[in-house]
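S.K.: requesting a structural model of the entry that follows:
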Amino acid sequence: MTSSLSTVSYIGATILFILCLGGLSNPETSRRGNLYGMIGMAIAVLATVFGPQVTTAGLPYILGAMVVGAGVGLYAARIVKMTQMPELVALMHSLVGLAAMLVGYANFIDPAVSVGMTPAEQAIHEIEMYLGVLIGAVTFSGSVIAFGKLSARITGKPVLLPGRHLLNLAGLLAVIYFGYAFVNAHSVAEAMTPMIVMTVVALLFGVHMVMAIGGADMPVVVSMLNSYSGWAAAATGFMLSNDLLIVVGALVGSSGAILSYIMCRAMNRNFISVIAGGFGTDSSAPAAAGAIAAGGRSARRSWPPRPPELLRDAKNVIIVPGYGMAVAQAQHTVYEITKTLRERASTCASASTRWPAACPAT
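M.R.: Residues are numbered from 1 along each chain as shown. I've put the predicted structure just below:
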C-alpha cells in the first residue's frame with residue numbers, strides 16, 4: 001500500500017469514527033454508529049498493517065498478534081454478561097494504557113528514532129514519550145483497580161489515606177522533577193532512572209486515585225479512564241507520527257471527559273471531587289440516619305426520603321432501567337410496582353375522578 005493510499009484510508013477511518021460518536025449519542029442510531037466504528041477500525045488496522053511503515057519481515061509477527069488478540073476478544077464477548085460490561089470496559093482501558101507504556105519505552109530505547117532530529121525536535125519527542133508513559137501508567141493501574149472494584153474483587157468502600165492530597169501533590173512534583181531530569185539527560189542510561197521512577201510514581205498514583213473513590217462513583221471513574229486512554233492513544237500517535245492515532249485519541253479523550261462531566265451532574269456529584277479521589281469527604285463522619293449495615297456494607301437512604309408516598313401521590317411515573325437495577329436483579333420488584341401503579345390508575349379512571357385523589361392510602 002502506497003503512502004497516499006494509506007493517508008486516504010486514515011481520512012476515511014477518521015470520518016467513520018466521527019460518525020460513530022454521532023450515532024452513539026442517540027439510542028435510535030447507536031447500532032448504526034457502532035457499525036461505523038467497526039468499519040472504521042477495520043480500515044485503520046488494514047491501512048496500518050499493510051502500510052509503508054511495516055516491513056515484510058515484521059508482518060508475520062503482527063498478523064500472529066492480531067489472531068491472538070481477536071481470539072481473546074471473541075471469547076470475552078461470548079462469555080461476558082451485560083451486567084459485567086463496565087468491568088470489561090475497565091479491563092480494556094488497562095490494555096490501552098499498557099500499550100501506551102510499552103510503545104513509550106520502545107521509542108525510548110530505540111536509537112534509530114531520534115536519528116536526524118534537531119535538538120528542539122528531540123526535546124519535543126522526549127516530552128511526548130514521557131507524557132505517553134505517564135498517562136499510560138495512570139490509565140493502566142487505575143483501570144485494573146476499577147475492574148477489581150466493579151467485579152467485587154476489591155472493596156467498594158473508598159480507601160482514604162491520611163494526607164492523601166499531600167501525597168498526590170508530592171507525586172506531581174516528583175513527576176515534574178524527574179521529567180526535567182529526563183529531558184536534560186545526555187544518554188539513554190542516564191535517562192532510564194528518571195523514566196522508571198516516573199513510571200512507578202504514575203502506577204502508584206493510579207492505584208491511589210481509584211482506591212479513594214467509592215463504588216457508587218465507579219461509572220464516572222470508568223468514563224474518565226476512557227478519556228485517559230484516549231489521551232494515551234493520542235500521545236502514542238505523536239510518538240509514532242501517526243495522524244490517525246492522534247485524531248482518534250483526541251476524539252476519545254475529549255468525548256470521555258465530556259461524558260464524565262455529564263454523568264457527574266446527573267448523579268449529583270462534583271466532577272473535580274470525584275476525579276481528585278474523594279476530595280472533600282470525611283471518612284470519620286458518622287453515618288447518616290437511616291444507614292443500615294449488612295454483610296459489612298452500609299446502605300444510606302438518599303433523596304427522595306419516602307418513595308412509596310411519592311409514588312402514591314404522583315400523577316405520572318417513569319421508570320428508567322439502568323446498570324444498578326440490572327445488577328440488583330430488581331426486574332421482578334419493578335414489575336410488581338408497575339402492576340400496582342397501573343391498577344391504582346385503572347381504579348381512579350373507573351371512578352371518573354382525577355388520580356390519585358380517588359386512591360386512598362393503603
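
S.K.: give me the low-pLDDT residue ranges for the stretch 1-150 of the chain?
M.R.: Low-confidence segments of the stretch 1-150 of the chain (pLDDT under 70): 1.

S.K.: change it to 80
M.R.: 1-3, 52-54, 82-83, 111-117 (pLDDT under 80).

S.K.: now the strands for it?
M.R.: For the stretch 1-150 of the chain, applying DSSP state E, counting those that start in this stretch gives no strands.

S.K.: residue contacts, the residue nearest to L245 when sequence neighbours are not counted?
M.R.: Using CB to CB, 6 or more residues apart in numbering and skipping residues adjacent in sequence, the residue nearest L245 is G237, 2.9 Å away. Yep, even glycine has a C-beta here, placed from its N, CA and C like the rest. By CB atoms under 8 Å, 6 or more residues apart in numbering, the contact set of G237 is D243, L244, L245, I246, V247, V248, G249.

S.K.: chain center to the host helix or strand of G237: distance?
M.R.: Using DSSP states H and E, G237 falls within helix 218-240. Helix 218-240 sits 7 Å away from the centroid of its parent chain (CA atoms, centre = their mean, to the nearest Å).

S.K.: drop anything exposed from the contacts of G237.
M.R.: Those of the contacts of G237 that meet the buried threshold are L244, L245, I246, V247, V248, G249, by 16 or more other CB atoms under 10 Å.

S.K.: for the third one, what are its contacts?
M.R.: It stands for I246. A234, G237, F238 are the contacts of I246 under CB under 8 Å, 6+ apart.

S.K.: what count of nearby residues applies to F178?
M.R.: By the criterion of other CB atoms under 10 Å, F178 has 20 neighbours.

S.K.: these two touch, right, it and P194?
M.R.: Yes. Between F178 and P194 a contact is recorded at 4.0 Å, counting by CB atoms under 8 Å.

S.K.: in helices, which of the buried ones among the contacts of G237 appear?
M.R.: Among those, DSSP state H puts L244, L245, I246, V247, V248, G249 in helices.

S.K.: which of those sits closest to I135?
M.R.: Distance ranking of these against I135, using CB to CB, places G249 first at 9.9 Å.

S.K.: if you skip the residues just before and after it, what's nearest to that closest one?
M.R.: Closest residue to G249 apart from its sequence neighbours, by CB to CB, 6+ apart: A234 at 2.9 Å.

S.K.: run a quick neighbour tally on that neighbour.
M.R.: For A234, using other CB under 10 Å, the count is 26.

S.K.: cool, and S114?
M.R.: By other CB under 10 Å, 14 other residues sit near S114.

S.K.: repeat for V220
M.R.: When counting by other CB under 10 Å, one arrives at 22 neighbours for V220.

S.K.: need the contact list for it.
M.R.: By CB under 8 Å, 6+ apart, the neighbours of V220 are S260, M263, C264, M267, R269, V274.

S.K.: tabulate these (JSON lines), appending secondary structure.
M.R.: Shown next, in JSON lines, are those (DSSP: H, G, I helix; E, B strand; the rest coil):
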{"residue": "S260", "secondary structure": "helix"}
{"residue": "M263", "secondary structure": "helix"}
{"residue": "C264", "secondary structure": "helix"}
{"residue": "M267", "secondary structure": "coil"}
{"residue": "R269", "secondary structure": "coil"}
{"residue": "V274", "secondary structure": "helix"}
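
S.K.: want to throw those into JSON lines with neighbour count?
M.R.: What follows is these, written out as JSON lines (neighbours: other CB atoms under 10 Å):
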{"residue": "S260", "neighbour count": "23"}
{"residue": "M263", "neighbour count": "19"}
{"residue": "C264", "neighbour count": "21"}
{"residue": "M267", "neighbour count": "12"}
{"residue": "R269", "neighbour count": "16"}
{"residue": "V274", "neighbour count": "22"}
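
S.K.: min pLDDT across those, which one?
M.R.: Least confident of these in the model: V274, at 66.

S.K.: ok, the buried ones among the contacts of G237 vs V144, which is closest?
M.R.: G249 (20.5 Å).

S.K.: distance of that closest one relative to G132?
M.R.: Counting by CB to CB, to the nearest Å, the gap from G249 to G132 is 10 Å.

S.K.: identify the contacts common to the two.
M.R.: Each of A232, A235, T236 lies in contact with both G249 and G132 under the rule CB under 8 Å, 6+ apart.
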